[in-house]
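[1] here's my sequence, what's the structure:
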Amino acid sequence: MGFFTKRLAEKNPDPAGRRWLFVPYDQLSDRIGPLAKEEPKSLGIVLIETPWKGHRRPYHKQKLALILVNLRHFALEQASRGVAVKHVVAETPYHDVLQELTKEWGPVRVMAPAERELREDLKGLVHSGALTMIPHEGWLTTPEQFRSGAKKGPPWRMDRFYRKVRQDTGILMTKGKPLGGKLSFDSENRLPWKGEPIPPKPPSFPVDPLKEEVRELLEGTFSHHPGRLDMTALPGTAKEAEKLWSWAKRESLPHFGPYEDAMTLRSTGLFHSRVSGLLNIHRLLPSRVIREVLDMDIPLSSKEGFVRQVLGWREFVCHVHNHTDGFRNLPGHNPPVAKQPGDGGYSTWKGSRWKGKSRAKDPDGGAKPSFLSCDNPLPPAFWGEKSGLFCLDHVISCVWAEGYSHHITRLMILANVATLLDVSPRALTDWFWVAYTDAYDWVVEPNVLGMGTYGLGELTITKPYVSGAAYINKMSDYCESCAFNPKKNCPISNLYWAFLNRHEKALQNNPRMKLVLASLRKRGQNRQSEDHRIYSKVKDLLASGEAVTPKSLGSS
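    Just a heads-up that it's a prediction; the model follows:
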């Protein structure tokens with residue numbers, strides 16, 4: 001008997017006469033739903049660990065560890081409250097486990113899982129009445145607010161939704177108008193970081209026997225999964241979640257706003273709170289973190305910037321994902337759907353197929369929209385092979401070390417380079433899904449298919465988020481360590497102009513692209529031919545796992 005099993009047996013109360021609730025991996029909180037409202041001694045919860053889920057994709061070991069450690073600590077915490085805990089380890093999907101349990105207990109309740117993939121797995125049980133799905137109480141807004149706030153859509157716009165929610169809630173409002181005179185301070189929160197103030201070092205956490213047991217499990221059953229496993233960086237208990245949040249409030253959020261778009265070699269997060277992984281499994285509640293940030297004595301730009309991310313964008317992307325059934329039903333067309341989960345380029349890098357097993361009745365691998373018809377494979381550089389582009393190599397190395405980087409490195413380094421290379425939006429989405437500890441379908445698909453790659457066109461954003469080397473040089477110190485010069489020979493600038501050239505027809509009617517497309521036409525045929533040559537060379541070199549150099553590109 002292992003440590004966790006023994007401790008749970010010691011704490012677990014008598015399960016007789018309980019009303020049972022299935023608690024998914026993304027609802028590890030007793031502050032919402034039946035666990036918050038009903039007498040603990042009347043409740044029993046089912047917690048399921050299944051390698052079927054873990055092996056569907058080559059998930060980062062740190063992501064698996066975050067879920068397993070928190071799920072097991074949550075089990076012990078609930079048993080200590082008097083809640084009976086049924087912890088099941090199985091090789092099969094969740095619905096198989098629950099189907100057997102409901103034969104014994106009768107119908108089981110569950111708050112609607114945030115992740116569509118899990119809802120699909122449970123759909124048959126819901127239809128049969130074996131599983132009763134009740135509303136998920138972790139969300140801050142309603143579908144009605146989304147439809148009302150986005151009444152001019154589709155296309156849908158976050159700022160309209162955000163305005164509606166701010167008006168409804170009164171958050172950061174006075175006399176019906178936004179505090180500070182405007183809804184968003186995004187335009188002011190774009191300062192590059194020049195070394196001051198000093199970014200805080202993230203907190204570390206003790207490696208208790210439960211974490212050590214999970215580490216051994218991952219190094220055994222999941223040893224072929226990628227990524228560095230660091231248990232000292234992992235908040236697992238409720239108290240450790242509090243420790244991370246206290247650190248974020250004290251050390252990060254006072255300086256968050258102005259530098260939220262900055263990037264530096266000296267910190268993977270700068271002044272970002274790093275709580276998204278815990279928010280998305282509800283170890284920290286979105287309602288609670290917003291409430292406490294509103295009470296903080298910090299600059300309004302930092303306060304509003306944080307609120308906009310959690311109350312605005314996070315809620316918005318979930319509603320869009322639900323409304324379109326994970327982008328399977330789009331205005332005017334239904335894009336193709338992958339039959340099986342993608343591996344995010346793992347097989348291209350490794351030279352062999354991912355070992356995950358998928359059956360015909362399992363949930364599919366997600367929608368495959370591609371507004372610009374991009375379908376190139378993801379380069380092996382995203383799995384750690386050197387690309388020769390220092391900004392890309394540095395951010396990717398940090399992701400595989402931590403399972404984390406902040407939102408601008410995700411958008412303007414990783415997604416930017418992949419989009420400029422015409423990488424398949426689905427392939428990049430799958431990579432983000434496996435590589436980041438906070439990634440689930442409802443958040444990663446809107447962010448990458450929509451914002452990161454422009455795979456959905458103007459459905460959720462107004463233009464492609466792409467740039468050349470000038471932006472990266474302005475907002476980071478990455479270029480100082482690169483073999484390329486951002487002002488002379490960085491191929492990212494050529495990739496940018498070549499991208500615009502290839503997709504000019506698709507973008508020509510976009511009003512936000514008129515100026516840059518006018519600049520493209522003034523670029524001259526010789527420079528455009530050189531852009532295309534550099535694009536073809538970079539694409540081919542990276543696809544073969546080779547690094548680009550000034551010599552290989554014929555530049556000085």
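[2] surely Val88 is within a strand?
    Yes - if the criterion is DSSP: H, G, I helix; E, B strand; the rest coil, then Val88 is within a strand.
[3] what's the closest non-adjacent residue to Asp422?
    Counting by Cβ to Cβ, 6 or more residues apart in numbering, Asp422 lies nearest to Cys374, which is 4.0 Å off, once chain neighbours are set aside. For the C-beta atoms, the positions are set from N, CA and C on the backbone; glycine is no exception.
[4] per-domain residue ranges of the chain.
    3-134, 143-202+238-323, 337-543 (automatic domain parsing).
[5] between these, which one is closest to Ser223.
    domain 3-134 (8.8 Å; Cβ to Cβ).
[6] flag the shaky bits of the protein, pLDDT-wise.
    Low-confidence segments of the chain (pLDDT under 70): 556.
[7] 90 instead, please
    In the predicted model of the chain, residues 1, 149-153, 186-189, 332, 355-361, 555-556 satisfy pLDDT under 90.
[8] list the contacts for the spatially most central residue of it?
    Centrality entry for the chain: nearest residue to the mean C-alpha point is Ala439, 3.3 Å, by Cα atoms, centre = their mean. Going by Cβ atoms under 8 Å, 6 or more residues apart in numbering, Ala439 touches Lys63, Phe432, Trp433.
[9] in the stretch 451-556 of the chain, which spans are helices?
    Assigned helices in the stretch 451-556 of the chain, in chain order: 469-475, 491-502, 504-507, 514-521, 525-543 (criterion: DSSP state H, counting those that start in this stretch).
[10] please apply the same query to the stretch 101-250 of the chain.
    116-128, 143-149, 158-169, 209-220, 238-247.
[11] run the chain-centre distance for the following helix or strand past the last one.
    If I follow you right, that is helix 238-247. Going down the chain from helix 238-247, the next helix or strand is helix 276-279, by DSSP states H and E. Helix 276-279 sits 10 Å away from the centroid of its parent chain (Cα atoms, centre = their mean, to the nearest Å).
[12] what's the burial count for Glu212?
    12 (other Cβ atoms under 10 Å).
[13] sorry, slip of the keys, the one I care about is Arg308.
    24.
[14] surely it and Tyr162 touch.
    Yes - with contacts counted by Cβ atoms under 8 Å, Arg308 reaches Tyr162, the gap being 6.4 Å.
[15] tell me, what's touching those two both at once?
    Joint contacts of Arg308 and Tyr162 (Cβ under 8 Å, 6+ apart) are Ser184.
[16] what's the separation between the residue nearest to the centre of the chain and Phe306?
    Relative to Phe306, Ala439 is positioned 20 Å away (Cβ to Cβ, to the nearest Å).
[17] dump the contacts of Ala439 to CSV, plus secondary structure, neighbour count and distance to Ala150.
    Shown next, in CSV, are the contacts of Ala439 (DSSP: H, G, I helix; E, B strand; the rest coil; neighbours: other Cβ atoms under 10 Å; distance: Cβ to Cβ, whole Å):
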residue, secondary structure, neighbour count, distance to Ala150
Lys63, helix, 23, 31
Phe432, helix, 24, 24
Trp433, helix, 26, 25
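[18] ends of stretch 242-256, how far apart?
    19 Å (Cα to Cα, to the nearest Å).
[19] quick one: the strands in the protein, in order.
    Along the chain, the segments classed as strands by DSSP state E run 19-22, 43-49, 84-89, 108-111, 131-134, 173-174, 177-178, 337-338, 366-367.
[20] for the first one, name the packing helices and strands.
    Spelled out, that is strand 19-22. Here strand 19-22 touches helix 34-37, strand 43-49, helix 94-105, strand 108-111, going by 3 or more Cβ pairs under 8 Å, 6 or more residues apart in numbering; DSSP states H and E.
[21] list the buried residues of that strand.
    For strand 19-22, the neighbour count (16 or more other Cβ atoms under 10 Å) marks Trp20, Leu21, Phe22 as buried.
[22] quick check, nearest of those residues to Ala415?
    Scanning the buried residues of strand 19-22 for proximity to Ala415, where the rule is Cβ to Cβ, the winner is Phe22, at 34.7 Å.
[23] now that closest one: how far from Val466?
    43 Å.
[24] one more: Asp422?
    Asp422 is 11 Å from Val466, by Cβ to Cβ.
[25] and what of Leu515?
    14 Å.
[26] neighbour-wise, which of those two wins?
    The neighbour comparison of Leu515 against Val466 (other Cβ under 10 Å) goes to Val466, with 23 against 9.
[27] tell me the contacts of that one?
    Asn416, Thr419, Leu420, Tyr454, Tyr496, Phe499.
[28] Ser467 is in contact with the first one, correct?
    Yes - counting by Cβ under 8 Å, Ser467 is a contact partner of Asn416 at 6.0 Å.
[29] the two: who's more crowded?
    Asn416 (28 against 18).
[30] quick one: contacts for that one?
    Counted by Cβ under 8 Å, 6+ apart, Asn416 has contacts Tyr465, Val466, Ser467, Ile492.
[31] surely the first one and Ala415 touch.
    Yes - contact criterion Cβ under 8 Å: Tyr465 and Ala415 qualify, at 7.1 Å.
[32] buried ones in stretch 521-536?
    Gln528, Glu530, Asp531, Ile534, Tyr535.
[33] and of the residues you listed, the nearest to Thr92?
    Distances from Thr92 to the buried residues of stretch 521-536, taken by Cβ to Cβ, are shortest for Tyr535, at 46.1 Å.
[34] what about the closest one, distance to Gly524?
    Tyr535 is 16 Å from Gly524, by Cβ to Cβ.
[35] same deal with Ala9?
    Distance from Ala9 to Gly524, by Cβ to Cβ: 75 Å.
[36] cool, Lys211 as well?
    59 Å.
[37] likewise for Leu229?
    51 Å.
[38] do Asp297 as well
    From Asp297 to Gly524 the distance is 54 Å (Cβ to Cβ).
[39] same thing with Thr264?
    35 Å.
[40] what's the answer for Trp52, then?
    From Trp52 to Gly524 the distance is 56 Å (Cβ to Cβ).
[41] next one: Gly277
    Gly277 is 47 Å from Gly524, by Cβ to Cβ.
[42] ok, Arg410 next?
    Separation of Arg410 from Gly524 (Cβ to Cβ): 34 Å.
[43] next: Glu100.
    69 Å.
[44] just checking, Ala415 touches Val444?
    No - with contacts counted by Cβ under 8 Å, Ala415 stays clear of Val444, the gap being 11.2 Å.
[45] Leu411 against Gly450, yeah?
    No - checked against Cβ under 8 Å, the pair Leu411 and Gly450 is beyond contact range at 11.2 Å.
[46] tell me which of those two has more neighbours.
    Gly450 (26 against 19).
[47] contacting residues for that one?
    So Gly450 contacts Val317, Val320, Leu456, Leu459, Thr460, Ile461 (Cβ under 8 Å, 6+ apart).
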